[in-house]
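>>> Test case, fold it:
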Amino acid sequence: MALGHDTGRALGLRPERFWAAACLSVMILAGAATAAAGPIGFVGLVAPHIARAVTGPDNRRVLPLSALFAASTLLGADILGRIVAPPNEIAAGIVATILGGPFFIHVVRRFRLARL
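Predicted coordinates for the structure are as follows:
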């Protein structure tokens with residue numbers, strides 16, 4: 001598919017079906033990684049995508065910025081979890097997953113639509 005849709009079709013591949021399977025695979029793998037590492041590990045999946053959207057493809061900027069985004073996302077999730085339901089507290093991992101889940105779905109859909 002890196003050669004384009006026309007080449008893929010000429011080789012007998014259905015691009016729409018391929019991208020649907022690829023997106024489904026990405027969602028399943030992200031879910032498995034989140035289940036294995038816990039919801040806080042989900043931030044490690046989302047932060048690099050946010051950093052790449054801000055800085056572009058330059059990895060010299062993406063790496064430090066993704067560390068900054070991951071730390072600030074967890075800090076914001078912890079603060080929000082403490083503010084939302086006083087005197088109780090919502091776990092930072094749950095808040096981070098609630099906030100990061102829709103963004104990650106947006107990234108997957110945007111990547112898929114950009115390739116189609």
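
>>> alpha carbons only for contacts and neighbour counts from here, please
Fine.

>>> Number of residues surrounding the closest residue to I90 other than its chain neighbours?
Counting by C-alpha to C-alpha, 6 or more residues apart in numbering, I90 lies nearest to G81, which is 4.5 Å off, once chain neighbours are set aside. For G81, the count of nearby residues is 20 (other C-alpha atoms under 10 Å).

>>> and G81, how far is that from L75?
10 Å (C-alpha to C-alpha, to the nearest Å).

>>> How about D58?
Taking C-alpha to C-alpha, one finds D58 at 26 Å from L75.

>>> and if you look at A85?
Taken as C-alpha to C-alpha, the span from A85 to L75 is 17 Å.

>>> Settle it for me: which of the two has more neighbours?
Taking other C-alpha under 10 Å, A85 and L75 do not tie; L75 has more neighbours (14 against 10).

>>> Quick one: list the elements packing against the strand or helix carrying the more buried one.
Per DSSP states H and E, L75 falls inside helix 59-84. Helices and strands touching helix 59-84, by 3 or more C-alpha pairs under 8 Å, 6 or more residues apart in numbering; DSSP states H and E, are helix 41-55, helix 92-115.

>>> which of those is buried the deepest?
By mean neighbour count, with neighbours taken as mean count of other C-alpha atoms under 10 Å, helix 41-55 ranks first of these at a mean of 19.

>>> for that helix, the distance to its chain's centre please.
Distance, stretch centre to chain centre, for helix 41-55: 7 Å (C-alpha atoms, centre = their mean, to the nearest Å).

>>> H5 is in contact with E16, isn't it?
No. Contact criterion C-alpha atoms under 8 Å: H5 and E16 do not qualify, at 9.2 Å.
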